[in-house]
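A structural model of the following input is requested.
(one chain, ligands or ions: 2)
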Amino acid sequence: MNGKTVHIKNYGCQMNKLDTALVSSALCEAGFSPAGSEKEADVVLINTCSVRQHAEERVFSHLGHLKHIKKSRPGLVVGVIGCMAQRLGDKLLEHEAVDIVCGPAQIPQITKLVTETLQEKKETIAVTEKIRQRSSESQTQALERFESAYGIEDKQIPGQAFVRAMRGCNNFCTYCIVPFVRGPETSRAPAAIIEQIKRLAGEGVKLVTLLGQRVNSYKYRSGEKTYCLADLLEMASEVDGIEWLRFVTSYPCEEFFDDILQAMADLPKACNYLHIPAQSGSDKILRAMNRRYSAGEYLGLLGKARAVVPGIAIAGDFMVGFPGETEEDFEGTVELVKKAKYKNCFIFKYSPRPGTAADKEKKDNVPAEVKKTRNIELLDVQNKISAEMNRKFLNKEVRVLVEGPSKKPHLNRGGSENSPQLVGRTATDYIVVFNGPVSLAGEFVKVKITETSALTLFGELI
Ligand code: 5AD
Ligand code: SF4
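Residues are numbered from 1 along each chain as shown. Ligands and ions are numbered 1, 2, ... in the order given. Coordinates of the predicted model:
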């Protein structure tokens, strides 16, 4: 213990949650202890997301709040890490609240940066100067060492962990900031990934989710052999203690698709779940987004997935209001959502990101009101589909990995002190709410479904 406390706030995707878990355990290892709250912390770190402007606005509003706290506690150290740190670099240091700026590739240096800032009361920054340049061997090794040394369970959900399969992205969808903040695509060595999964299994982890921006493109050459995601799933399946394997996010393309589906069908531990964003149902918009498939080809992939993996649950992402999206284009998206029969979908309003091709070349010409209406309409279409699909679970028994007490008050009906409302998920990622003892967190249970809504299955512990 060094007597200093740290509080980390996470914004953004699962990659960020994983980075937060790594940073948190690195700092604990270095003697910091977790602060009960931001108000009591000596160091506050914000792990940030740049994917939409709204995500960045939330961070700035948080920084505004920290600026006020700093007025009464000038010793407080504030660090911005993650995607915004890489995107904005030293501009962030101009903010009164910010002392440390650390990009996603520099998180192995976090302990050093925090310690220097605490001791020398100086601002520190570490970001990648040329983000699209292949990272140096020493940087990759530092990230690998960091990842395997601190690659521990994300303690927030007992029994579950994320493991990075790939870093970065080479896809260059025209709207997307990720290639500019996370750098070029690289696949991690299978041996390192499996080693980590074995350690996690030893610590009681039962569900591992492999992460990559385009995880189905995982490709690692070693001697004569090229490993793909199907190989990783097979190798990870052999790890004792691991019961479920998931992977996110998939890009709609043929490469390796058949092998991955076959692995899902053949390996009992590989969950029958595919998150495969379409983004739009209009071929014109898909081309403008530099997505390399048509709506028809996309539906063809879903058809194949359902034929090879019976009962597979499919989730999607869509964006409404991309530049030039007409009412007809949007209708194409509605049609695609109706045909795709997703378990659920995430729907976003297009947000121009500085430096991306869409922002440089196209006007953000769909009015905010129209984006909002399309967002609501699409959600409504999907909710009806989800509600109908969920009804099929009525009176069925499902196997659930319990996450812990349900946090959403609107779901809070029933439950008692010894048997509060718990939430968990099926292998196919359906959310299940039921009453039971908190000690079940991290365990598998059987639940009989008694009621369903568009978003949730409700049931009774068997
Ligand atoms: N504006 C709105 N949504 C975006 N996404 C990615 N970039 C943007 C953007 N500029 C969405 C995509 C992606 C998800 C993670 O975020 O739908 O799949
Ligand atoms: Fe994750 Fe992308 Fe947001 Fe970075 S910008 S946190 S990679 S979603």
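
how about stretch 292-309 against ligand 1, any contact?
No: using Cβ under 6 Å from any ligand atom, stretch 292-309 stays clear of ligand 1, with a minimum separation of 13.5 Å. All C-beta spots, glycine's among them, are computed from the backbone N, C-alpha and C.

interface residues of this protein facing ligand 1?
V51, R52, Y175, C176, P277, Q279, D317, M319, F348, Y350, S351, R353.

give me that answer again for 5 Å
When proximity is defined by Cβ under 5 Å from any ligand atom, the chain lies next to ligand 1 at V51, R52, Y175, C176, P277, D317, M319, F348, Y350, S351, R353.

of those, buried ones?
Among those, those buried by neighbour count (16 or more other Cβ atoms under 10 Å) are V51, R52, Y175, C176, P277, M319, F348, Y350, S351, R353.

any idea which of these is the one closest to ligand 2?
V51 (3.8 Å; Cβ to the nearest ligand atom).

so what pLDDT did that closest one get?
Looking at V51, its pLDDT stands at 98.

How far away from the center of its chain is the strand or helix carrying R287?
Under the criterion of DSSP states H and E, R287 resides in helix 283-288. Distance of helix 283-288 from its chain centroid, counting by Cα atoms, centre = their mean, to the nearest Å, is 25 Å.

which stretch of helix or strand covers I260?
Assigned by DSSP H and E, I260 falls in helix 257-266.

Partner strands of whichever helix or strand comes after that helix and their direction?
Downstream of helix 257-266, the first helix or strand assigned by DSSP H and E is strand 273-275. Partners of strand 273-275 in the sheet, by DSSP bridges, are strand 313-320 (parallel).

Mean confidence (pLDDT) on the strand it pairs with, please.
Mean predicted confidence for strand 313-320 is 98.

picking up where we left off before, buried sites along the helix holding R287?
Result for helix 283-288 [16+ other Cβ under 10 Å]: buried residues D283, I285, L286, A288.

for the last one, what are its contacts?
Residues in contact with A288 (Cβ atoms under 8 Å, 6 or more residues apart in numbering) are T174, F322, P323, G324, A358, K362.

I'd like to know which of the residues you listed are buried.
T174, F322, P323, A358, K362.

ok, of those, which one's closest to ligand 1?
Distances from ligand 1 to the buried ones among the contacts of A288, taken by Cβ to the nearest ligand atom, are shortest for A358, at 7.4 Å.

three-state assignment of that closest one?
helix (DSSP: H, G, I helix; E, B strand; the rest coil).

ok, back up a step: in helices only, show me the buried ones among the contacts of A288.
Under the assignment DSSP state H, the buried ones among the contacts of A288 contribute A358 to helices.

I'd like the buried ones among the contacts of A288 as JSON lines, with distance to ligand 2 appended.
Compiled in JSON lines, those are given as follows (distance: Cβ to the nearest ligand atom, whole Å):
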{"residue": "T174", "distance to ligand 2": "15"}
{"residue": "F322", "distance to ligand 2": "17"}
{"residue": "P323", "distance to ligand 2": "20"}
{"residue": "A358", "distance to ligand 2": "15"}
{"residue": "K362", "distance to ligand 2": "20"}
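
Going by distance to G436, which of the buried ones among the contacts of A288 wins?
For these, the minimum distance to G436 (Cβ to Cβ) is 43.8 Å, reached by F322.

Isn't the closest one up against D364?
No: look at F322 against D364 with Cβ atoms under 8 Å: they stay out of range, at 9.1 Å.

quick one: contacts for the residue of the stretch 151-300 of the chain found nearest ligand 2?
Closest to ligand 2 within the stretch 151-300 of the chain is V178: 4.5 Å, counting by Cβ to the nearest ligand atom. Neighbouring residues of V178 by Cβ under 8 Å, 6+ apart: V51, C83, G168, C169, Q213.

what does A307 give?
The contact partners of A307, by Cβ under 8 Å, 6+ apart, come to none.

tell me which residues in the lowest-mean-pLDDT helix or strand in the chain are buried?
Sorting the helices and strands of the chain by mean pLDDT, DSSP states H and E puts helix 137-150 at the bottom, at a mean of 84. Neighbour-count burial for helix 137-150 flags A142, L143, F146, E147, Y150 (criterion: 16+ other Cβ under 10 Å).
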